[in-house]
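Undergrad: fold the following.
(4 chains)
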Amino acid sequence: MFELSELPIDPIRLAKECRNDGAGALVTFEGRVRISNQGRTVIRLEYEGASELAANEFANIEDETLDKYDVVAVTCQHRVGVLEIGDVAVWIGVLAAHRGPAFEACRFVIDELKERLPIWKKEFYTDGDSGWINSA
Amino acid sequence: MFELSELPIDPIRLAKECRNDGAGALVTFEGRVRISNQGRTVIRLEYEGASELAANEFANIEDETLDKYDVVAVTCQHRVGVLEIGDVAVWIGVLAAHRGPAFEACRFVIDELKERLPIWKKEFYTDGDSGWINSA
Amino acid sequence: MIHVECAYYAMMRERSGCASESIQTEAKTPEELYEEVVSLHGFSPERAHVKVAINDSFATWETPLQEGDRVAFIPPVAGGCDHV
Amino acid sequence: MIHVECAYYAMMRERSGCASESIQTEAKTPEELYEEVVSLHGFSPERAHVKVAINDSFATWETPLQEGDRVAFIPPVAGGCDHV
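TA: Prediction:
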């Protein structure tokens, strides 16, 4: 399941949706907006995403994860729009019978997602400057 | 922070307590009661813990984790008492600036905890039988 | 001559002043189309750092363009959160 | 002769019928004390599979016992959740 949404991430709802009587292990990753990046103080961020493409590419990542690891379900929500310090930008949950594959698959998903999902981030600094991260 | 409690685990509260403006990554592990174990159908479980000893031993695990990995905080709550299928038995949260150490430390904590915390589990099966797990 | 819909994001959206636009083009591939939109809008990312998606799936730069294709140029991404 | 408080958990608590009891003993170490409580209650776990804690910290089987110590015998644990 993948959502790209301007609404705040609700880990409780997401964790409840990751439910299966045979699955004993849920590993989650929450990525939050940090106050500083490369020495500059951030006041807020704007995330922009290519929604349909992101959903399609997440479906590819999900398929690869289910092929590669013995897990039951993969869920992800990513914010777009304006985020403040401490806000959760991305939430990933991986449900499995056993903890080993749950940890490995969750790490795989966040690594792939950061490389592959068409989502951009513009940082706004205390000095009034701003910039798109990673972008030429 | 460590709690051994009969109260249901509240991941939202725990995740909120794991907060730090400089920390961008929260990895959590939720261990839930599974419906079957080694082929037998479980209807409920009872967990029993040696509270003070568990708290002291968790403090040791926490210190080892903070020494070994570049993480900001480690939080754990473990249930005792009667649990039903799907209930969260243990919740671990590891907060860090970066995701690598957060994943590694969270895995380390659950592995150590399962070996070292004085917590016992009695399973009750559909056939009316019951037994302490792992116990001679 | 075909019509395609070009979609721009992030600094490319800001630079062009539009999220998408309809373009009439002789371009046979996204590679040729990218040259065209770079001349048009002065986008800075080199093509080596850009990916292309056609109709909401990633595609190669050599994929033949069809009438009505939606072509998105994807500058370097920063998915997830900050350096975590 | 010293008095110690022995704490039992899980199958040892069920077997002895008590969570803890005060014992007057000649035992100098938890090792000797465990032999005593095994005779008393017929606990099944072999000592090799049991750990000992004194005053809420894990200790070795050779630690000298002191008057008033709280000694907990820790049968094999099943922390966390089921095989995950």
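Undergrad: count the residues that sit near C:Glu5.
TA: C:Glu5: 14 surrounding residues under other CB atoms under 10 Å in any protein chain shown. Every residue, glycine included, has its C-beta placed from N, CA and C.
Undergrad: repeat that for A:Glu46.
TA: For A:Glu46, the neighbour count with other CB under 10 Å is 16.
Undergrad: could you do the one 10 residues further on as well?
TA: For A:Asn56, the tally of surrounding residues (other CB under 10 Å) stands at 17.
Undergrad: test my guess that it contacts C:Asp56.
TA: Yes - if you go by CB atoms under 8 Å, A:Asn56 and C:Asp56 touch, sitting 5.5 Å apart.
Undergrad: what's the spacing between the closest residue to A:Glu64 other than its chain neighbours and A:Ile9?
TA: Take A:Glu64 and drop its neighbours on the chain: the residue closest to it by CB to CB, 6 or more residues apart in numbering or on different chains is A:Glu112, 7.3 Å away. Distance of A:Glu112 to A:Ile9, computed by CB to CB, to the nearest Å: 19 Å.
Undergrad: between these two, which is the more surrounded one?
TA: Each of A:Glu112 and A:Ile9 has its neighbours counted (other CB under 10 Å); A:Ile9 has more, 21 against 18.
Undergrad: contacting residues for that one?
TA: A:30, A:77, A:79, A:88, A:90-91 (CB atoms under 8 Å, 6 or more residues apart in numbering or on different chains).
Undergrad: mind listing which of the residues you listed are in strands?
TA: Within the contacts of A:Ile9, residues falling in strands by DSSP state E are A:30, A:77, A:79, A:88, A:90-91.
Undergrad: nearest to D:Glu21 among these?
TA: If you rank the ones in strands among the contacts of A:Ile9 by distance to D:Glu21 using CB to CB, A:Glu30 comes first, at 46.9 Å.
Undergrad: quick check: closest non-adjacent residue to that closest one.
TA: The nearest residue in space to A:Glu30 (CB to CB, 6+ apart) is B:Leu26, at 4.1 Å.
Undergrad: list phi and psi for the one you found.
TA: Here is the backbone geometry of B:Leu26 (degrees, to the nearest 10): phi -120, psi 120.
Undergrad: touching, the residue nearest to A:Glu64 and A:Ile61? I think so.
TA: Yes - at 4.8 Å, A:Glu112 counts as touching A:Ile61 under the criterion of CB under 8 Å.
Undergrad: contact residues of chain A facing chain C?
TA: A:31-34, A:37-38, A:42, A:45, A:48, A:50, A:52-53, A:56-57, A:78, A:89-90, A:110, A:113-122, A:132-136 (CB under 8 Å from any CB of the partner chain).
Undergrad: PyMOL command to pick out the buried ones of these?
TA: Paste this into PyMOL to select the buried members of those, with burial taken from 16 or more other CB atoms under 10 Å in any protein chain shown:
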select buried, chain A and resi 31+32+33+34+37+42+45+48+50+52+53+56+57+78+89+90+110+113+114+116+117+118+119+120+121+122+132+133+135
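Undergrad: the residue nearest to A:Pro11 when sequence neighbours are not counted and B:Pro118, how far apart?
TA: Nearest residue to A:Pro11, sequence neighbours excluded (CB to CB, 6+ apart): A:Trp91, at 5.7 Å. Applying CB to CB, the value for A:Trp91 to B:Pro118 is 33 Å.
Undergrad: related to what we said a few turns ago, so which of the ones in strands among the contacts of A:Ile9 is the closest to B:Cys106?
TA: When those are ranked by distance to B:Cys106 (CB to CB), A:Glu30 comes first, at 11.8 Å.
Undergrad: what about A:Gly39, distance to B:Tyr47?
TA: 47 Å.
Undergrad: ugh, wrong one, A:Ile43
TA: For A:Ile43 relative to B:Tyr47 (CB to CB), the value is 45 Å.
Undergrad: before we move on, what about A:Gly31?
TA: Here the criterion is CB to CB. By it, A:Gly31 lies 32 Å from B:Tyr47.
Undergrad: next, count neighbours for C:Gly17.
TA: Neighbour number of C:Gly17 under other CB under 10 Å is 9.
Undergrad: same thing with the one 10 residues further on?
TA: Other residues within reach of C:Ala27 by the criterion other CB under 10 Å amount to 18.
Undergrad: pretty sure it is in a helix, no?
TA: No - using DSSP: H, G, I helix; E, B strand; the rest coil, the secondary structure at C:Ala27 is coil, not a helix.
Undergrad: does it really touch C:Leu33, like I thought?
TA: Yes - contact criterion CB under 8 Å: C:Ala27 and C:Leu33 qualify, at 4.0 Å.
Undergrad: residues in contact with both of the two, list them for me.
TA: The contact sets of C:Ala27 and C:Leu33 overlap at C:4, C:65 (CB under 8 Å, 6+ apart).
Undergrad: after the helix or strand bottoming out on mean pLDDT in chain A comes which helix or strand?
TA: Using mean pLDDT, DSSP states H and E, the weakest-scoring helix or strand in chain A turns out to be strand A:36-37, at a mean of 74. Heading C-terminal from strand A:36-37, the first helix or strand you meet, by DSSP states H and E, is strand A:40-49.
Undergrad: run the chain-centre distance for the lengthiest helix in chain C.
TA: Assignment by DSSP state H gives helix C:30-41 as the longest helix of chain C. Using CA atoms, centre = their mean, to the nearest Å, the distance from the centre of helix C:30-41 to the centre of the chain it belongs to is 8 Å.
Undergrad: helices or strands up against it?
TA: On a contact count with 3 or more CB pairs under 8 Å, 6 or more residues apart in numbering or on different chains; DSSP states H and E, helix C:30-41 meets strand C:2-7, helix C:10-16, strand C:20-25, strand C:51-54, strand C:70-74.
Undergrad: how about these in CSV, adding mean pLDDT and distance to A:Val72?
TA: Listed next are the helices and strands packed on helix C:30-41 as CSV, based on pLDDT from 0 to 100; distance: least, CB to CB, whole Å:
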stretch, mean pLDDT, distance to A:Val72
strand C:2-7, 98, 35
helix C:10-16, 95, 35
strand C:20-25, 97, 38
strand C:51-54, 97, 30
strand C:70-74, 97, 31
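Undergrad: out of these, indicate the one that is most buried.
TA: strand C:70-74 (a mean of 22; mean count of other CB atoms under 10 Å in any protein chain shown).
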